[in-house]
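> could you look at this predicted model? Sequence included:
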Amino acid sequence: MASRAEIERVQRELGAVSAWLDAQIEPADFLLNPIKRVGLALELPVAQARLESVRLALAQAAESYFTAEAQIANEFSENNLFSAPMLVGGILAVGVGLGGAIGLLSEGSVSAAAAGKPAVVLPPKTLETLVGRLAQTAASPDARVRIERFGSSVFVYIPGTKTWNPIAGKNPLDATSNLWAMQGPGVAASERAVAKAMGLAGVGAGDSVIFVGHSQGGLVAANLASAAGARRGLAAKPTYRVAGLVTVGAPIAHLSGKLEVPTLAIEHTNDVVPKLSLNANPLTENWVTVSRETPTDSLNQTSDLVEAHDLEAYRDTAKQADESPNEGISQFRKKLSGFAADTGGGSGQNVAGVARWFEISRD
């Protein structure tokens, strides 16, 4: 079946043929073979009209093949008519304006507090381990983040959305934070609460941080990673250095111009959430995208979408990525493996660290 790309290819070929025919009746060509060139010049208008007729027919065929939604999406993508933050900004303006009195899409102050007992852990050396620890963090019914410290090397794990209630509540990992996080760094309650948790964990000057996040957590992590440079420039005292970013099923492509840190984005092609950024991931030296279509067992389309976004499915993808010989993935794994090394007084050996959990909330 003809795709839009194939139809456009044929149209380009017809245009090239038309241009080539025009080039055959230059004045100098008539001196070389006048009879044939005159004959061509007489027949050319008819031939060109037929070529143009076919090109128009192809355009009409494309109109009938593809839906209006696909055409509009293609137009937005090619001409950058608006970005995800611009679209979300409009939604927030309407939502806050209509529902401010009941807290609809309205942000507020945040807090963080230590939760549970610290645990001794070894440094993660694989992508599967990162996603596994992220899944353990997400399994908590509360809004919790996990922060691991190995000397001056720190991992911050941020789970995805916990509630879809449009009225902002105590849990900041909600629909409201989703929208504000798309607006940019420093706004969403979930991002500000994670920053507070990092402060409680003592993350600061001299520390290097790798952020790991799923869904909204990946977007929050990307915002924190992109904002770190600005904070270093504005803060009275130097703060932590971002050493890397790992996102799982998160819409972060619209931040590509602001992310200068090594970034690895794990995405399923049948997961709609990463596509919410309305942009494609960049092809840059600091960015690696791991993607595959994850199999789903259900005949229900809604269930399939949920399965494609599930952390356990992403854990399997991370495991396959660990086994991949791809150069970009290999380089990131190498960086990950050595990130928490040399924390034992220059011994070059990975030593145990401490994992702590923090409950975050909107006041």
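Noted; the coordinates are in hand.

> just checking, Gly204 touches Tyr240?
Yes. Gly204 is in contact with Tyr240 according to CB atoms under 8 Å; the separation is 6.0 Å. Bear in mind the C-beta positions are built from the backbone N, C-alpha and C, glycine included.

> for the two, indicate the residue with more neighbours.
Each of Gly204 and Tyr240 has its neighbours counted (other CB atoms under 10 Å); Tyr240 has more, 20 against 13.

> show me the contacts for the nearest residue to that one once chain neighbours are set aside.
Of all residues not flanking Tyr240 in the chain, Asp207 sits nearest, at 4.3 Å (CB to CB, 6 or more residues apart in numbering). By CB atoms under 8 Å, 6 or more residues apart in numbering, Asp207 lies in contact with Ser152, Ser153, Val154, Tyr240, Arg241.

> tell me how far the second one lies from Arg241.
Here Ser153 is placed at a distance of 10 Å from Arg241 (CB to CB, to the nearest Å).

> and Ile147, by the same measure?
Counting by CB to CB - Ile147 and Arg241 are separated by 16 Å.

> likewise for Pro45?
Using CB to CB, we find Pro45 at a distance of 68 Å from Arg241.

> and the two? Which one has more around it.
Arg241 (16 against 9).

> and the pLDDT for the more buried one?
In this prediction, Arg241 carries a pLDDT score of 93.

> quickly list what it is bridged to.
Residues in a beta bridge with Arg241, per DSSP bridges, are Ser208.

> hang on, it packs against Val209?
Yes. With contact defined as CB under 8 Å, Arg241 reaches Val209; the gap is 7.1 Å.

> quick one, helices of the stretch 151-300 of the chain?
For the stretch 151-300 of the chain, applying DSSP state H, counting those that start in this stretch gives helices covering 175-183, 189-200, 216-234.

> least confident of the ones you listed, on average?
Among the helices of the stretch 151-300 of the chain, helix 216-234 carries the lowest mean pLDDT, a mean of 77.

> and the residue nearest to Tyr240, what are its phi and psi?
phi -90, psi 150 (degrees, to the nearest 10).

> got the confidence number for it?
94.

> distance of it relative to Ser337?
19 Å.

> try Ala321
When distance is defined by CB to CB, Ala321 is 14 Å away from Ser337.

> which one's more surrounded, the two?
Set Ala321 next to Ser337 and count neighbours by other CB under 10 Å: Ala321 wins out with 23 against 14.

> can you tell me which residues contact that one?
Contact partners of Ala321, counting by CB under 8 Å, 6+ apart, are Leu127, Ile266, Val290, Ile329.

> test my guess that Arg158 contacts Leu219.
Arg isn't right for residue 158; it's Ile. No. Look at Ile158 against Leu219 with CB under 8 Å: they stay out of range, at 9.1 Å.

> what sits in contact with each of those two?
Any residue near both Ile158 and Leu219 by CB under 8 Å, 6+ apart counts here, and that gives Gly213.

> quick one: buried residues of the strand ranked longest in the chain?
In the chain, assigned by DSSP state E, the strand with the most residues is strand 110-121. By 16 or more other CB atoms under 10 Å, the buried positions in strand 110-121 come out as Val110, Ser111, Ala112, Ala115, Val121.

> with stretch 171-187 instead?
Neighbour-count burial for stretch 171-187 flags 171-187 (criterion: 16+ other CB under 10 Å).

> any idea how far Val17 is from the closest residue to Gln24 other than its chain neighbours?
Using CB to CB, 6+ apart and skipping the chain neighbours, the partner closest in space to Gln24 is Leu40 (6.1 Å). From Leu40 across to Val17, the span is 14 Å (CB to CB).

> who's more crowded, the two?
Leu40 (16 against 13).

> low-confidence bits of the stretch 1-150 of the chain, can you list those?
1-4, 29-30, 61-105 (pLDDT under 70).

> tell me where it has strands.
110-121, 144-150 (DSSP state E, counting those that start in this stretch).

> which other helices and strands does the longest helix along the chain contact?
Of all the segments assigned as helix in the chain under DSSP state H, the longest by residue count is helix 34-65. Counting contacts by 3 or more CB pairs under 8 Å, 6 or more residues apart in numbering; DSSP states H and E, helix 34-65 packs against helix 4-23, helix 27-32.

> so which of the ones you listed is the most surrounded?
Greatest average neighbour count among those goes to helix 4-23 (a mean of 12), per mean count of other CB atoms under 10 Å.

> right, and the secondary structure at the spatially closest residue to Lys170 that is not a sequence neighbour would be what?
Take Lys170 and drop its neighbours on the chain: the residue closest to it by CB to CB, 6+ apart is Ser361, 5.1 Å away. Three-state call for Ser361 (DSSP: H, G, I helix; E, B strand; the rest coil): strand.

> what bridges to Ser361?
Applying DSSP bridges to Ser361 gives these bridge partners: Ser111.

> what sits against it?
By CB under 8 Å, 6+ apart, the neighbours of Ser361 are Val110, Ser111, Ala112, Ala113, Ala143, Lys170, Asn171, Pro172, Ala193.

> repeat that for 7 Å
Residues near Ser361 by CB atoms under 7 Å, 6 or more residues apart in numbering: Val110, Ser111, Ala143, Lys170, Pro172, Ala193.

> that one and Leu51, how far apart?
Ser361 sits 67 Å away from Leu51, going by CB to CB.

> all good on my end, thank you.
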